[in-house]
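A.B. asks: Following is a predicted model, sequence given first.
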4 protein chains.
Amino acid sequence: MEVAIVGASGYTGRNLMGKRLNQPEFDIKAVTSDSNAGHSVSKVHPNLRKKTELKFIKNSELGNYDLIFSAVPHGVAMKNMRTYIKHAEKIVDLSADFRLKNPKEYEKWYGHKHECPELIEKFVYGIPELHREEMKKANYISGAGCLATSAILALYPLAKEGLIETEHIVVDSKVGSSASGSKADLADMHAERANVVRAYKPSFHRHTGEMEQELNFNGNRPVISFSPHAVDLVRGILSTCHVFLNKNLTEKDIWQVYRKYYSGEPFVRIVKEKDGIYRYPEPKLLTGTNYCDVGFERDENSNRLVVMSALDNLMKGASGQAVQAMNIISGFKETEGLEFFGLHPI
Amino acid sequence: MEVAIVGASGYTGRNLMGKRLNQPEFDIKAVTSDSNAGHSVSKVHPNLRKKTELKFIKNSELGNYDLIFSAVPHGVAMKNMRTYIKHAEKIVDLSADFRLKNPKEYEKWYGHKHECPELIEKFVYGIPELHREEMKKANYISGAGCLATSAILALYPLAKEGLIETEHIVVDSKVGSSASGSKADLADMHAERANVVRAYKPSFHRHTGEMEQELNFNGNRPVISFSPHAVDLVRGILSTCHVFLNKNLTEKDIWQVYRKYYSGEPFVRIVKEKDGIYRYPEPKLLTGTNYCDVGFERDENSNRLVVMSALDNLMKGASGQAVQAMNIISGFKETEGLEFFGLHPI
Amino acid sequence: MEVAIVGASGYTGRNLMGKRLNQPEFDIKAVTSDSNAGHSVSKVHPNLRKKTELKFIKNSELGNYDLIFSAVPHGVAMKNMRTYIKHAEKIVDLSADFRLKNPKEYEKWYGHKHECPELIEKFVYGIPELHREEMKKANYISGAGCLATSAILALYPLAKEGLIETEHIVVDSKVGSSASGSKADLADMHAERANVVRAYKPSFHRHTGEMEQELNFNGNRPVISFSPHAVDLVRGILSTCHVFLNKNLTEKDIWQVYRKYYSGEPFVRIVKEKDGIYRYPEPKLLTGTNYCDVGFERDENSNRLVVMSALDNLMKGASGQAVQAMNIISGFKETEGLEFFGLHPI
Amino acid sequence: MEVAIVGASGYTGRNLMGKRLNQPEFDIKAVTSDSNAGHSVSKVHPNLRKKTELKFIKNSELGNYDLIFSAVPHGVAMKNMRTYIKHAEKIVDLSADFRLKNPKEYEKWYGHKHECPELIEKFVYGIPELHREEMKKANYISGAGCLATSAILALYPLAKEGLIETEHIVVDSKVGSSASGSKADLADMHAERANVVRAYKPSFHRHTGEMEQELNFNGNRPVISFSPHAVDLVRGILSTCHVFLNKNLTEKDIWQVYRKYYSGEPFVRIVKEKDGIYRYPEPKLLTGTNYCDVGFERDENSNRLVVMSALDNLMKGASGQAVQAMNIISGFKETEGLEFFGLHPI
C-alpha cells in the first residue's frame, strides 16, 4: 500500500512515521511540509536518524496514493479535503474537522462555519472500540481527540447501558505538554510550563462536543462537565471521571459491565488491583503504546463511581489510534505496528 | 515567647523553623527528634545552614514553654497530648488527631479509637478564615489537612450561602510529593513518582471527613466526592471543585459571594483574569507563600461552577497556616513571618 | 532613593522588583517595557499580584532617578547607555555589554564592535567578592553573567593563589531553563526541553571571556575549557570545575585557602560534609536566595581537585547580585533585601 | 534457547524481559526473586500486564537452562557464580563482579576481596564494540557499567589511536534516577531527588576502574577524572568528556577517527549537526533504545576536544547491551530484539 502523510512535521506526523517505518507492506511514498520541504525527515524528527532517507516535499507536490494521512491543523483540513480525496482512495484525518456529525456544532465549539459539510457524513469517528463495524465498510476516518478518546473509552460501557446520571458527569483530565503541538508559544515554555497544575480551559473545551456526541445513547444526550489541566509531563493523559450511578451497583456489577465491552479489545485493559503502586491506570506506563487502560473505584460514601482512564496522547490519543483505524479500513491485522508494550520506569 | 517544636525533623517542622528563625519576638528554645537527637538542625534541614545553631534534643528532654508546635504523626499526637499540655499553655498540633469533632469519625476515617477524646473539644480547627473569632479565645489549635484546606477555602462561601447541590460536589485534587512526608517508601522513589498522574486514593480519603465537617452549614451536611492525584511536582496543590448551582447565578453574582467572604482576608486572593498565562490559581506561583488563591469559571453549558484553589501544601496547607493560627492565639499580627510573596519562574 | 528599572518585563527585571518591593528606603518610581506599557506589573509578573500597583511605562517616558537598573538585552544596553546616564547618577546594568574590559573582546565573543567604548572603564565588574573596594568608589556596575559568577567564585581563591595548572581548567556547568530568558523559542518548549541533558554550546560560550578576564592573576591568563548543559530544572546552576593542582595540597590546605577568601563573606558558604544527602553544593537548596555555595573534593587518584559551586541564576547569578552591588554603591547594608534563606524541599 | 533470569525483580531484570518476551526463538523458562516468589511478573513490572503469564520462582528452584542472565547485586553474583555455571552453559552477568580483570582492583574500588577469582578470566567485558571477536568464542559475559559504557564508547577511538593526553581526561556525567536501582532510599525520594543537580560522588567512583582498564592501550593506562551527577531525569546518561589532544587535529581528522571505528556499528551513531535543537547526542532521544550516540566539538580556543555520549542506562547501559552480547555468544543476529528506535518527544 502506498501512503502519504500530509503535514508531517508535527508531533502526530512524526509518530505516524515511527509506527510505519518498519513495516514491509507499508510504503510511505511522501511526507509533506511546506516549511521543511527539501529537508530530510530526521532533521525535524531526530529520533528517526539513520532510520529513513525520506525528505519532505511541498504540499503542492502531492501525487496519488492508496491512502493519505492528514495531519494538518484544524480549519486547514476542511479547506483541503476535497483535494486530498482526489489523491487517495482512503483518508485518515487527524484534525478535528470531520469529528462532529452536525455541522452546526462546529460553529458552537470552533466558532466558524464548516467549509466542506458534504463530506462529513462519509467520515467514521475514529475510535474502533465504538465504530469497528462501520470502519470495515468505510474509506474515510476522522481521528478522535486525545482527551475525548480517554473520556469516551472510560464512560462508553456505562453510558451505553444507561447506568449513570447524565446531568452530573464530571471529567477532570490531566495532560502532558506534547498535546499542545510543536509550535513555540509562551505558555508552553519550559520555565512557565514546568511545575504547573494549570486549569487552562475549565469549561467549554472543544473536545466536550465529541464526548457528548459519542456518549449519546438511548436518546439521552449527556451533559459533560469537562475540565482539562496541564501538568508537568510530556506525554500522557489521565482522565478522572466522576459519575453518579442511577441504580445500586456493586464493584462486581461494574466489573461485568466493563468486561462485556472490553474483554475482547486488544488495546483496552481494565486495570484495578488490590495492592502495589500501580493499582489504577497510569499514563506513565503507557508512553509509546497504543493502550487505553481503564479502571474504577466505587465510592462507599455515596453513589459516585470514579472511572480513570490513561493513554498516551500521541498514540491511542492520535497517531496510534489512527494507525489502528487505518489497519481496519485497509484490511491489515488491527494490532499491526502497534505491538510496543512500553518501558518502565520512564 | 518561648517555643518548642516537637517532632521537628520532618517537612512541616522544618518549614515551621524557617518561618520563625528570623523573628525577634519568637524564641525557639527546643526542637525534638528522637532519631536525630544531638545532631544540628542544619544536618537534617540543609537550607538552614549557617542560619541556626540549634541542635535536636530527645522528646524526653522537653522542658516548659509558652507554646508547643506538635509535628508528630497521626496517632502519636493523641497519645502524647496529655503530656504536651503540661509543658505549655498553648498548643498547635499539626497532626490529624484533633481535627474531627466527633470521636466516632476517627474510627470511620482512621480505623482506630481516639485515645484522648476529652481534649478534642478544646481544639479549634485551624483555618483562620472560618474560625478566627474562636481562635482569639482559644489555646489549642488543630492544624487543618493540606488537601482539606484547599477544598474548604474553595467552597466555603458557596456552602455557607447554601448555593450548591450538596449531593454532587466533586473535588479533584492534584498534589506534589512533599505531601507524602519525609520518610522513604517505594511509591515515592523518583523513578516511580516522576512523570506520574496517579489516582492514589480515588475515594474514601481521610481528608473527606474534615471537608464534610467544615462545609456543613444549615443542617445540611454535604457529601464530598473527593479524589486526590499525585503529580510530578514537589510542592503545591490544585483542587478543582466541580459543583452544581441550585439557582441561576451569573459570574458577577459569584464574584460578589467570594468578595463578601474573602475581600478582607490577607491570605486568600480571588484570581480570575481574562487573558495571560496565569488566569486561574496555580500552585507554581505560590511556593513558599501562605496564600490560598481561589478562582472560578461558570460553565455556560450547564449549571456547573468550576472552583479552583491553589496553595503550597507545606505553607497554607501546613506550617504557614499553623503560624497564622499561632499568631492569632498569641496576639501577634496575623501576617507576621508570612510576608514572603513567592518567586517566579520556579 | 528613587529607582527605575528599564526593560522590566523579563525574568531579571521581575526578580529585581521582588527584592525591592518591600523595602521602605527604596522607592521604585518607574518600570519600563515598550511592549507592556500601560499594563499593570502583576499581569506580566503574576507572583506580584496584590503586592504592587505599578504599571509599565514606555522607555521614552523615562524621567530622572537616583539609580537605574538596566535589564535590556545585550547589544541594546550599549546603544542606550549614553541616555541612561543622563537620567541617573548610578547605573546597574544586567546585560553583558560592560563586562569585558577590552573592547576587542566583544568582537571575539559577541561578534560585533562595541558601540560605547568610552564608558567601559567606568563600570566595575559586578561580583562583590572580587571587587568590593572598587565598588565602594564607583557609580556604575556591570552585572556578571550567571554561569561566569558560578565559575569565578568556585575558582577565585585557587587562581589568586596560583595553585592550579592554567591550561587544564575544565568548567562543566548545568543550568535551568530560566537562564534562557522569557521569550518563546522552540528549543525551550516544554516538550523539547523537559527530560534533557543538552550540551547546547560545548565550546566557545560567551561567558568564557568573563571567566578568563576575572581569573587572570599574576600575569597568567588561564584558558577555561567551559561547557554548559541545559538540564530539566527551572532555576539553578551547578558548575563542576575540574582543575589540576600544581603542587601537592591536602584537603586541609584547600580548606584554608577557601576560608581565607570566603569566611567573612555573607553570600558564599563552603559546603562540604561527610555524610547526608546534601554533602556538596546543590542549586535545589538555593532557589530564591543570594547564596553561592562552594565545595570541593580532592581526587585521591590524581592531582585533580573537583570544585563545585551552586547558585540561583536569577539571584546570585543576576538580580540578587545586582542588588548586592547596588547596596554597596548606594551605602546600604550589603545584605539588605537579600535575607531570604530558601525553602526545602522544593 | 531456554533462558532463566536470576534476580529478575529489579530494573535491569525487567528490561531484559521486555526485550525478550516477544521473540519466538527465545524461551524464558524461569525468573527468580526470593522476595516475590509466587507473584506474577506483572505485579512487579506493571508494563508487562497481559503480556506474560510468568511467575517468579525462588532462587533455590533454579533448573537447567541454555543461558542464565544474572541480575543480582554486586557482591552476590561472585558468591553465586559457581552455582549458576552448573545450571547453564552460557552466562550473562549484569553485576560488577566480573568486569575488572585484576582481582586486586576489587579491593581498591569495591573494598572487599574477590570471592571467585578463578572465573574472572573466563568473562569477556561486555561492550561488543571493543570485544566482539572475543565474545564470539566466549560463553561468559560480564555486562559493563552504564556510566563506564558511555565514557568508554566516547573515548575508545581516541585512546586506541593514542591522540589524547592521558593525564588530563575529564569525564563529567549526568545520570537519571533509574540508575540507582529499584530499592527505596531517602536520597532518591522524589521530594529530595526532583530538581537536583547533585555531584553525589565527585571522585573515586567505582566505574573509574572499568574505564581505565578498557581505555588502556599501548601500555599507557590513562587516569580518568570522573564525576557523575544526578539530574532530574528517570532514564538516560550524558557523559561530557573533556580531553586534550596531543597533536593538532581538525574536526575533519576527528570525524575520520570516529568513522574508522564506528561507521559499521549498528548501535553507535555519530551525531554532530550544524543547526537544529538536537545537534549533539541527547539521552532524551534514546529512551528505550540500544543506541549510544557519540558527538564532539573541537574547542577553537585551546587543544581541548569535547566528546559527548548519550545512552539509556537501562538499555545500552545495562539490559540492551546484555542482550546484544547474548545475541553474539548465542549466534543470533546482533540487533535482534533491539530494533526499537525511540519516541519523540518524551
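C.D. replies: It's in. Residues are numbered from 1 along each chain as shown, chains lettered A, B, ... in the order given.

A.B. asks: okay, CA-based contacts and neighbour counts for the rest of this
C.D. replies: Will do.

A.B. asks: quick one: contacts for the residue lying farthest from the centre of chain A?
C.D. replies: Centroid-distance maximum for chain A: A:Asn301 at 33.4 Å, with Cα atoms, centre = their mean. A:Asn301 makes contact with B:Phe204, B:Val223 under the criterion Cα atoms under 8 Å, 6 or more residues apart in numbering or on different chains.

A.B. asks: what's the pLDDT at it?
C.D. replies: pLDDT, A:Asn301: 88.

A.B. asks: Now the phi/psi pair for the closest residue to A:Pro222 other than its chain neighbours, please.
C.D. replies: Nearest non-adjacent residue to A:Pro222, counting by Cα to Cα, 6 or more residues apart in numbering or on different chains: A:Thr166, 4.6 Å away. Dihedral pair for A:Thr166: phi -80, psi -10, per degrees, to the nearest 10.

A.B. asks: Tell me, how many residues neighbour A:Thr166?
C.D. replies: Using other Cα atoms under 10 Å in any protein chain shown, A:Thr166 is surrounded by 20 other residues.

A.B. asks: buried ones in the helix or strand containing A:Lys90?
C.D. replies: In the assignment (DSSP states H and E), A:Lys90 maps to strand A:88-93. The neighbour-count check on strand A:88-93 (16 or more other Cα atoms under 10 Å in any protein chain shown) flags A:Ala88, A:Lys90, A:Ile91, A:Val92, A:Asp93 as buried.

A.B. asks: Stretch A:291-300 and chain D, any residue contact?
C.D. replies: No. Judged by Cα under 8 Å from any Cα of the partner chain, stretch A:291-300 and chain D are separated, with a smallest distance of 10.5 Å.

A.B. asks: how about stretch A:1-12 against chain C, any contact?
C.D. replies: No. Judged by Cα under 8 Å from any Cα, stretch A:1-12 makes no contact with chain C; its nearest approach is 10.1 Å.

A.B. asks: For that stretch, buried residues please.
C.D. replies: Quick answer for stretch A:1-12 (16+ other Cα under 10 Å): A:Val3, A:Ala4, A:Ile5, A:Val6, A:Gly7, A:Ala8, A:Ser9, A:Gly10, A:Tyr11, A:Thr12.

A.B. asks: Chain D next: which of those are close?
C.D. replies: Near chain D, by the rule Cα under 8 Å from any Cα, you find A:Tyr11 out of those.

A.B. asks: wait, which of the buried residues of stretch A:1-12 is closest to chain D?
C.D. replies: Chain D lies nearest to A:Tyr11 out of the buried residues of stretch A:1-12, by Cα to the nearest Cα, at 7.5 Å.

A.B. asks: From C:Pro157, how far out is the closest one?
C.D. replies: A:Tyr11 is 49 Å from C:Pro157, where distance means Cα to Cα, to the nearest Å.

A.B. asks: what does A:Val306 give?
C.D. replies: For A:Val306, the distance to C:Pro157 equals 61 Å [Cα to Cα].

A.B. asks: of the two, who's got more company?
C.D. replies: Shown here are A:Val306 and C:Pro157; by other Cα under 10 Å, A:Val306 has more neighbours (24 against 21).

A.B. asks: quick one: that one and A:Asp299 touch, right?
C.D. replies: Yes. The pair A:Val306 / A:Asp299 is scored as a contact, 7.2 Å apart, by Cα atoms under 8 Å.

A.B. asks: Common neighbours of those two, please.
C.D. replies: Common neighbours of A:Val306 and A:Asp299 (Cα under 8 Å, 6+ apart) are B:Ser203.

A.B. asks: Assign a three-state SS to the residue of the stretch 201-346 of chain A found nearest chain C, would you?
C.D. replies: Nearest to chain C, among the residues of the stretch 201-346 of chain A, is A:Val234, at 5.4 Å (Cα to the nearest Cα). Under DSSP: H, G, I helix; E, B strand; the rest coil, the three-state class of A:Val234 is coil.

A.B. asks: secondary structure element for A:Phe226?
C.D. replies: strand A:224-231.

A.B. asks: what's the helix or strand that comes right after that strand in contact with?
C.D. replies: Toward the C-terminus, strand A:224-231 is succeeded by strand A:237-244 as the next helix or strand (DSSP H and E). With contacts defined as Cα under 8 Å, 6+ apart, strand A:237-244 is touched by A:147, A:150-151, A:154-155, A:164-165, A:168-176, A:281-283, A:303-313, B:170, B:197.

A.B. asks: returning to that earlier point: run through the neighbouring helices and strands of the strand holding A:Phe226.
C.D. replies: Packing partners of strand A:224-231 (3 or more Cα pairs under 8 Å, 6 or more residues apart in numbering or on different chains; DSSP states H and E): strand A:169-175, strand A:197-198, helix A:207-214.

A.B. asks: mind listing what that strand pairs with, with the direction of each?
C.D. replies: Paired strands of strand A:224-231, with direction, are strand A:169-175 (parallel), strand A:197-198 (antiparallel) (DSSP bridges).

A.B. asks: Save the ones you listed as TSV, and put in mean pLDDT and mean neighbour count too.
C.D. replies: Compiled in TSV, those are given as follows (pLDDT from 0 to 100; neighbours: other Cα atoms under 10 Å in any protein chain shown):
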stretch	mean pLDDT	mean neighbour count
strand A:169-175	98	26
strand A:197-198	98	28
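
A.B. asks: Surely A:Ser95 touches A:Ala77?
C.D. replies: Yes. A:Ser95 lies in contact with A:Ala77 (Cα under 8 Å); the separation is 6.6 Å.
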